[in-house]
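> What follows is a predicted protein model with its sequence.
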Amino acid sequence: MDTLTTSEERKSLKTPSAPLDERYFLEGPRSRMQELFFTFRVLKEFIRGFRVLHFVGPCVAVFGSARVKSDSQYYDEAMEMGRGIASLGFTVMTGGGPGVMEAASKGARQAGGRTVGCNIILPKEQQPNKWLNVEYACRYFFVRKVLMFKYSYGFVIMPGGIGTVDEFFEALTLIQTGKIINFPIVLMNKGYWAPVTELLHNMLAENMIDAADLKYILVTDSTKEAIAHLREYAISQYRRKRKMVFRKFKWLGE
C-alpha cells in the first residue's frame, strides 16, 4: 500500500482539534437537546452573516494559501488580481486571513476597491488582515463556505493547500449540479495546478464529467487574461440575475 507518511512520522504528527460541540456533532447522533442547541447556534451564525454581508455589493472570491509570504511571486500575483477585480467594480471576497488573502485585499484597497473577509475561528487563531473593509468571523467551516459562495459572482483560485482545493471543487460541484449560475473560475499558475488539470482531463476522458462542466474554467499565468475572463463572464452573469434595491433599516442597526 502506498502511503504519504511512514508509521513513525504519523506518531509524531499532531492533528488540530475542532471545538468540542462541532466535533461531537460530526461524530454521530447526540441527544436531541444537544443537536437542537447546535442547530440554533448555526442558524444564529447564518443570520449574523447575512446581515453583515447584505450590503457589500457583488463580489469575486479569491481563494489561496494563508502560508504565502509577502516576498513571493504568488503574493504579487494575488495583489495584481485584487487590483484587477476592483477595476471591474467587484468587491474582493477572501477568507480574511494572511498570505494570498491579505495580498488580494491589499491590491483591491490600493486600487480604491472594497474588500470583505469571511474569517474562520480556529484552535490556532487566524487573525484578519488589516486591508478589510468588512470582516465576519465564522465558527463553522460550512457556514463560511455558504456565505462566500452566496455573495460571489466569480472565483479565482490561487496556489494553495487542501482548503483551496476543497473550495475549487465546491465551486465546480455547485456549477455542475445547477445550484449556482455558471460563474467563471480562474486557476492561476498553470504549473502549480498541472496535476489538478490533468485529473480533470482524465475525468473527461473516462466520461466521469461532461465538457460543459469545465466550460467556464480558465487556467492561466496571466493576470490580464484572468481579468478579461472575469469581465466577460462574471459581469454578464451579474446582469442576468434579478437586480433588487435593498433599503437599510435603522431599527436593525444597518
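Looks like it came in fine.

> distance of Met93 from Glu27?
Distance, Met93 to Glu27, using C-beta to C-beta, to the nearest Å: 31 Å. Every C-beta, even on glycine, is put in place using the N, C-alpha and C of the backbone.

> Gly107 now?
41 Å.

> out of the two, which sits in the busier spot?
Using other C-beta atoms under 10 Å, the more surrounded residue of Gly107 and Glu27 is Gly107, with 27 against 8.

> Show me where the stretch 51-200 of the chain has its strands.
Remark: strands assigned in the stretch 51-200 of the chain by DSSP state E, counting those that start in this stretch are 59-63, 91-94, 115-120, 134-138, 152-157, 185-188.

> Highest mean neighbour count out of those?
Across the strands of the stretch 51-200 of the chain, averaging neighbours per residue (mean count of other C-beta atoms under 10 Å) puts strand 91-94 on top, at a mean of 31.

> Tell me which strands that one pairs with, and in which orientation.
Sheet partners assigned to strand 91-94 using DSSP bridges are listed as strand 59-63 (parallel), strand 115-120 (parallel).

> and for the last one, what are the contacting residues?
Taking contacts as C-beta atoms under 8 Å, 6 or more residues apart in numbering, the residues outside strand 115-120 that touch it are 49, 53, 56, 59, 82, 91-97, 101, 104-105, 108-109, 126, 128-129, 131-139, 141, 144, 147-148, 151.

> Quick check: which of the strands of the stretch 51-200 of the chain is nearest to Tyr233?
strand 152-157 (7.0 Å; C-beta to C-beta).

> That closest one to strand 59-63, inter-axis angle?
Using axes from the mean of the first three to the mean of the last three C-alpha atoms, to 10 degrees, the inter-axis angle of strand 152-157 relative to strand 59-63 is 20 degrees.

> tell me how far strand 152-157 is from the chain's mean position?
Mean-position distance between strand 152-157 and its chain equals 8 Å (C-alpha atoms, centre = their mean, to the nearest Å).

> I am finished for the moment; much appreciated.
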